[in-house]
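> Pasting the sequence and the predicted model now:
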Amino acid sequence: MKKVWLGYWFKNWPLIYKIGYGVVITGIRCYFKKFQFLNKNLIPENAGIIYAVNHQNAFLDPILIAAQETKPTYFLTRADIFKNPRIAKILGKIYMLPIYRQRDKVDTIKMNEKTFNQCYDILAKQGNLIIFPEGNHNYQKTLRPFKKGIARIALGAAEKYNFKKPIYIIPLGLDYENHFSMNGDLLLNAGDPININDYYDAYKNEPKETINGLSLLVRERLEALMISIKDLENYESIYFLLHRFPKKEEAKTVVEKFEANKKLLRKIESLNTSNQSKYLHLIDKAKEFASYIKEKKIRAYLFKKKPKSMLSLFILSLLMLVFLPIHLFGLTANYLPYKIPVLFVNHKVKDIHFHSSFKMAIGTILFFLYWGLLVCLIGVFICPWWGIATACILPVFALFNFRYWIYYLKLKGAWRYYFESKKDNFLTQEKNYKEISSILT
């Protein structure tokens, strides 16, 4: 987890960027269950850095990366959102740069030349730049076709300054455990730096071939740093096997989970190549099993053990009832700032790729405002010391409420699992579970 750093308030950054930075670094701690930036030590200091990143979660991707840096980080985004001059001014203050496409009905070469020159100067001044080479976002965990812009910008910046400025491309893989809801894990996985100055001779002699070769290298490096499912026809089944089906040995850390998923994906892909009939059988069984647990609203991990006895479930239910009054009391301080962002994105934000970024940002702001209002009201109308005590206890209640809700959902699922285990079709799905497990192990 990133250490607490408040030095950004003393940086010469626009106020809106400082506020946004504070919201994001706070939101990361609250929104994600576990977060890790792997191999950050590989990123060179005192150099221009281009992050080449897979794009799965719209606006959340760049702001998560920018929040790990102690200097402003620029990123390219589609030009149509810059049409309104006032909005364009605000976007400029949070270091967004427009990139034009054919659909914008402008001379893309001419318009993008200005943006590219800005990128060259940013890199020459040892700034950071985020580029998504896929050119669009999609929550599916697969690496889509690359655009050549990242290689052109990197080599263009190097050429403009005669290959005398230190410029590197850092392939950076993003891996979300859950793209749309909180309490999932997140891994930022940095790869070995690509020194653009090493391409001086090749670019001078064969510029087009060098751009193509560099683009291919970045793609290969990036794909190795992420989960990339190639069989899109059976994507949902493979995703289920990687992220929802329980593994024989559960990994604990973010990196261990990622490595376990990479290893499992390689095994599934190898099976598709070496024994396709067995592979298709696995896919069919996964579809059937996933459909069953979705219909019955139970989790796959429950099949790892025998159902709990009715006595133990009753005891756990009684314990939940004992703590229910505390939970209900805590809801008064936590329900609204949590629920409002959820309702907002579900009704107002059509593109689901923006859901997480809105939830995290709006939720973080609302919690500060709502808690601040409660503390002020109690401090003014009851007692200042009660206000201070409330400020100290609110985060404790928030953590308790969240944990209580998780345990409630698990207990609810355990009850469902218990009753399903008494039905005839359960034996069929238990057999499916064991058969899938034997293939995967």
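Nice, I can see it. All of these numbers come straight from a predicted model, not from anything done at the bench. Numbering: from 1, shown residues only.

> who touches Pro14 in this structure?
With contact set as CB atoms under 8 Å, 6 or more residues apart in numbering, Pro14 has these partners: 93-94. All C-beta atoms are positioned from the backbone trio N, CA, C, and that covers glycine.

> try it again with 6 Å
Pro14 makes contact with Lys93, according to CB atoms under 6 Å, 6 or more residues apart in numbering.

> Okay, it and Glu69: tell me how far apart.
Plainly put, Pro14 is 15 Å away from Glu69 if you go by CB to CB, to the nearest Å.

> what are the ranges of the strands in the stretch 1-150 of the chain?
Counting by DSSP state E, counting those that start in this stretch, one finds strands in the stretch 1-150 of the chain at the ranges 32-38, 48-53, 73-78, 96-99, 128-131.

> for the ones you listed, which one sits closest to Arg144?
With CB to CB, the closest approach to Arg144 among the strands of the stretch 1-150 of the chain belongs to strand 48-53: 12.5 Å.

> what angle do the closest one and strand 73-78 make?
50 degrees (axes from the mean of the first three to the mean of the last three CA atoms, to 10 degrees).

> Give me the contact list for strand 48-53.
Contacts of strand 48-53 (CB under 6 Å, 6+ apart): 65, 123, 126, 128-133, 150, 154, 167-172, 218, 222.

> Please apply the same query to stretch 288-298.
Applying CB under 6 Å, 6+ apart, the contact partners of stretch 288-298 are 240, 300, 413, 416-417, 420, 429, 432.

> Could you check the pLDDT of the nearest residue to Asp351 once chain neighbours are set aside?
Spatial nearest neighbour of Asp351, chain neighbours left out: Ala58 (6.9 Å); criterion: CB to CB, 6 or more residues apart in numbering. Turning to Ala58, the model gives it a pLDDT of 86.

> what does Ala286 give?
Listed pLDDT for Ala286 reads 97.

> Quick check: Pro246 touching Phe303?
No: contact criterion CB atoms under 6 Å: Pro246 and Phe303 do not qualify, at 7.2 Å.

> which of these two has more neighbours?
More crowded of Pro246 and Phe303, by other CB atoms under 10 Å: Phe303, with 23 against 16.

> how far away is the more buried one from Lys294?
For Phe303 relative to Lys294 (CB to CB), the value is 14 Å.

> which element is Asp185 on?
Asp185 belongs to strand 184-190 when elements are defined using DSSP states H and E.

> do Glu209 as well
helix 207-223.

> Identify each buried residue in stretch 337-347, please.
Going by neighbour count (16 or more other CB atoms under 10 Å), the buried part of stretch 337-347 is 337-338, 341-342, 344-345.

> Could you report the neighbour count for Ser309?
10.

> tell me the contacts of Tyr21?
Contacts of Tyr21 by CB under 6 Å, 6+ apart are Tyr8.

> quick one: it from Ile49, how far?
18 Å.

> closest one to Val349 among the strands of the stretch 1-150 of the chain?
Across those, closest to Val349 is strand 73-78 (CB to CB), at 16.7 Å.

> Pairing partners for the closest one, with directions?
strand 96-99 (parallel), strand 128-131 (parallel) (DSSP bridges).
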